[in-house]
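Student: Using only what follows, build the 3D model:
(one chain, ligands or ions: 2)
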Amino acid sequence: MPLPDPVTLMVRNIGALVTCDPAHGDAPGVIRDAVLMCAGEVIVYAGRGDAAPRPTGDNDIVDIDARGAAVIPGFVDAHTHIAWLGDRGEEYALRSSGLTYEQIAQRGGGIRSTVRDTARGSAAAIRDAASTRARLMIAHGTTTVEVKSGYGLDHDAEMRQLDAVADLGADHGMPLAIATYLPLHAAPDGDRADFIAEVCAHGVGDAAALASFCDVFCDEGAYTVDECRAVLLAARAAGMSLKVHADQRTHTGGAQLAAELHAASADHLEFADEADCRALAAAGVTGVILPGAALILGGPPPPGRRLRDAGATVAIATDCNPGTSYTESMPLMMSLAVATAGLGPSEALVAATSGGAAALQLDDRGILRRGLRADAAILSTPHWIDVAYHLGANPVATVIRGGQVVVGAGLAG
Ligand code: NIG
Ligand code: FE
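Tutor: Numbering: from 1, shown residues only. Ligands and ions are numbered 1, 2, ... in the order given. Sure thing, here's the model as predicted:
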């Protein structure tokens, strides 16, 4: 059967095509001896090699021989703070000598320290810093990354951060970037009520032109449930979808707020109990676990198993930020999710791909299936399980973003 569109790229001799498609049986939906074909940005065939159609057209096809390696969907890293300036290595050392994250924040460090360094930076400087991290991300197989503001605090600085994110991802050497406005992160300098009112009156309206999501840090030492609700309702009215940093440091009610508002995701959730996880599942809210932050902060482990058992969709993300999780590696987050969050390797892979897509409400990626975006990683191993199993390694040899090879030359056809 000929293909409807001219094939522009094909990957042959795939030992294991790891589709993450529930239509292909037990997770992660592996097809042996497979071929992947793309026309432009879209997959036109993802299936067995012996059943593959012959590519049509006389165009030059990029022809890659995977030589038996596994191919997985590109990772969707659905929670990051990569648009920051400055450095907090000193705080990392202080924490290791016993000071808590909150004690450091009370002394003017923590998020406030990064706000001081980032708020005065130009959009170009912020973009350059974020680009360095985004390039490392795509080298580790991430093809879509969510990027939050939250280090501007004042209105103009927040918008500069969002401008910087808008500049990312036009470059093919980086993941596609999805912007999130995070106005409630560090506590404000002046009156809290005035600050919230200003965010509702002007912040969300201006941010809606630049960001798909609005997020809030709902916790002790950050913002209350009522403050978060006010901003999230205003953000929804302005056209953004919602996210919540929920129940990370204390059981504050963030997960219940996310469920009440049918947010796209509730993130962190270390202190979310079974009832919270059930509420998220019932409301269709994706639970995003961030095993790097949980490990570094030394609190309870991420509730991966609790969320799954409650029937919720789970995503794994890096939370890449200078305070609690300085990492660009989704494979490492998968390893930590298996080691600390009670997920199996196949659950972790699905959570890092289609789970991330669910947290960003993107139904065109995270699965290798005809008609979806051609975002994929060719591994350097035939064993997909190595992604989580091989601790701290980068198992990614070649990255295809939107049907184009953007990392690694691909193996000669
Ligand atoms: O996701 N929890 C709040 N925000 C970040 C940390 C940000 C920072 O410390 O700079 C997080 O862990
Ligand atoms: Fe975060």
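
Student: From here on, just use CA atoms for contacts and neighbour counts.
Tutor: Noted.

Student: For Arg131, which residues are in contact?
Tutor: Careful, residue 131 is Ser and not Arg. By CA atoms under 8 Å, 6 or more residues apart in numbering, the contact list for Ser131 reads Leu168, Met174.

Student: at 10 Å what do you get?
Tutor: For Ser131, the contacting residues are 82-83, 125, 137, 164-165, 167-169, 171, 173-175, by CA atoms under 10 Å, 6 or more residues apart in numbering.

Student: ok, the residues you listed vs Tyr326, which is closest?
Tutor: Proximity of these to Tyr326 (CA to CA) peaks at Ile82, which lies at 9.2 Å.

Student: which element is that closest one on?
Tutor: Using DSSP states H and E, Ile82 falls within no helix or strand.

Student: now do Asp128
Tutor: Using DSSP H and E, Asp128 maps to helix 123-139.

Student: What is the subsequent helix or strand relative to that helix?
Tutor: strand 142-148.

Student: Now that following strand: average pLDDT?
Tutor: What strand 142-148 shows for mean pLDDT is 98.

Student: so which of the contacts of Ser131 is the most crowded?
Tutor: Highest neighbour count within the contacts of Ser131: Pro175, with 31 neighbours (other CA atoms under 10 Å).

Student: Near the closest residue to that one other than its chain neighbours, how many residues? Count them for me, please.
Tutor: Nearest residue to Pro175, sequence neighbours excluded (CA to CA, 6 or more residues apart in numbering): Thr143, at 4.3 Å. For Thr143, the neighbour count with other CA under 10 Å is 33.

Student: again, but for Glu227
Tutor: Glu227 sits with 17 neighbouring residues when counted by other CA under 10 Å.

Student: tell me the contacts of it?
Tutor: Residues in contact with Glu227 (CA under 10 Å, 6+ apart) are Leu184, Arg192, Ala193, Ile196, Ala197, Val216, Cys218.

Student: Buried among those residues? Need that as a selection in PyMOL.
Tutor: Under the burial definition 16 or more other CA atoms under 10 Å, those of the contacts of Glu227 that qualify are selected in PyMOL by:
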select buried, resi 184+196+216+218
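
Student: mind putting the contacts of Glu227 in CSV, distance to ligand 1 included?
Tutor: Below are the contacts of Glu227 laid out as CSV (distance: CA to the nearest ligand atom, whole Å):
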residue, distance to ligand 1
Leu184, 10
Arg192, 18
Ala193, 20
Ile196, 18
Ala197, 21
Val216, 9
Cys218, 9
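
Student: among the contacts of Glu227, which are in strands?
Tutor: Counted as lying in strands by DSSP state E, out of these, are Leu184, Val216, Cys218.

Student: Contacts only, for Leu182.
Tutor: Leu182 neighbours (CA under 10 Å, 6+ apart): 81, 147-153, 158, 162, 204, 207, 211, 213-217, 243-245.

Student: What are the structural domain limits within this protein?
Tutor: The record's domain parsing of the chain by automatic domain parsing lists 9-74+366-407, 76-359.

Student: Can you lay out those as TSV showing distance to Leu3?
Tutor: Shown next, in TSV, are the domains of the chain (distance: least, CA to CA, whole Å):
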stretch	distance to Leu3
domain 9-74+366-407	6
domain 76-359	26
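
Student: Where does the residue in the stretch 251-400 of the chain positioned nearest to ligand 1 sit: helix, strand or coil?
Tutor: Using CA to the nearest ligand atom, Gly323 is the residue of the stretch 251-400 of the chain that sits closest to ligand 1, at 3.5 Å. Following DSSP: H, G, I helix; E, B strand; the rest coil, we place Gly323 in the coil state.

Student: correct me, but it touches Ala93?
Tutor: No - if you go by CA atoms under 10 Å, Gly323 and Ala93 don't touch, sitting 11.2 Å apart.

Student: quick one, which of those two is more surrounded?
Tutor: Higher neighbour count among Gly323 and Ala93: Gly323, with 22 against 11, using other CA under 10 Å.

Student: Read off the pLDDT value for the more buried one.
Tutor: Model confidence at Gly323 (pLDDT) stands at 97.

Student: ok, now Leu411?
Tutor: 49.

Student: Run a quick neighbour tally on the residue nearest to Asp363 when sequence neighbours are not counted.
Tutor: With sequence-adjacent residues excluded and distances taken as CA to CA, 6+ apart, Asp363 is closest to Ala357, at 6.7 Å. The tally of other residues near Ala357 (other CA under 10 Å) stands at 25.

Student: which residues sit in contact with Ala357?
Tutor: With CA under 10 Å, 6+ apart, Ala357 has these contacts: 75-78, 144-145, 286, 315, 350-351, 363-367.

Student: right, and out of the residues you listed, which lies closest to Arg107?
Tutor: For the contacts of Ala357, the nearest to Arg107 is Ala78 (30.3 Å; CA to CA).

Student: what's around the closest one, how many residues?
Tutor: Around Ala78 there are 30 residues (other CA under 10 Å).

Student: Tell me how far it lies from ligand 1.
Tutor: Ala78 sits 12 Å away from ligand 1, going by CA to the nearest ligand atom, to the nearest Å.

Student: could you pull out the strands for the stretch 101-250 of the chain?
Tutor: Here the stretch 101-250 of the chain has its strands, by DSSP state E, counting those that start in this stretch, at 142-148, 176-184, 213-218, 241-246.

Student: picking up where we left off before, sort out for me which of the contacts of Ala357 are in helices.
Tutor: Among those, the members falling in helices are Val350, Ala351 (criterion: DSSP state H).

Student: which among the contacts of Ala357 end up buried?
Tutor: Buried among these (16+ other CA under 10 Å): 75-78, 144-145, 286, 315, 350-351, 364-367.

Student: Phe75 reaches Leu176, doesn't it?
Tutor: No - using CA under 10 Å, Phe75 makes no contact with Leu176, being 11.0 Å away.

Student: Show me the common contact partners of the two, please.
Tutor: Ile138, Thr142, Thr143, Thr144, Val145.

Student: Not counting its neighbours along the chain, what's nearest the one residue in the stretch 101-250 of the chain that gets nearest to ligand 1?
Tutor: Residue nearest to ligand 1 within the stretch 101-250 of the chain: Ile111 (4.2 Å; CA to the nearest ligand atom). Take Ile111 and drop its neighbours on the chain: the residue closest to it by CA to CA, 6+ apart is Ala186, 6.0 Å away.

Student: which phi and psi does the one you found have?
Tutor: Torsion angles at Ala186 (phi, psi; degrees, to the nearest 10) stand at phi -80, psi 150.
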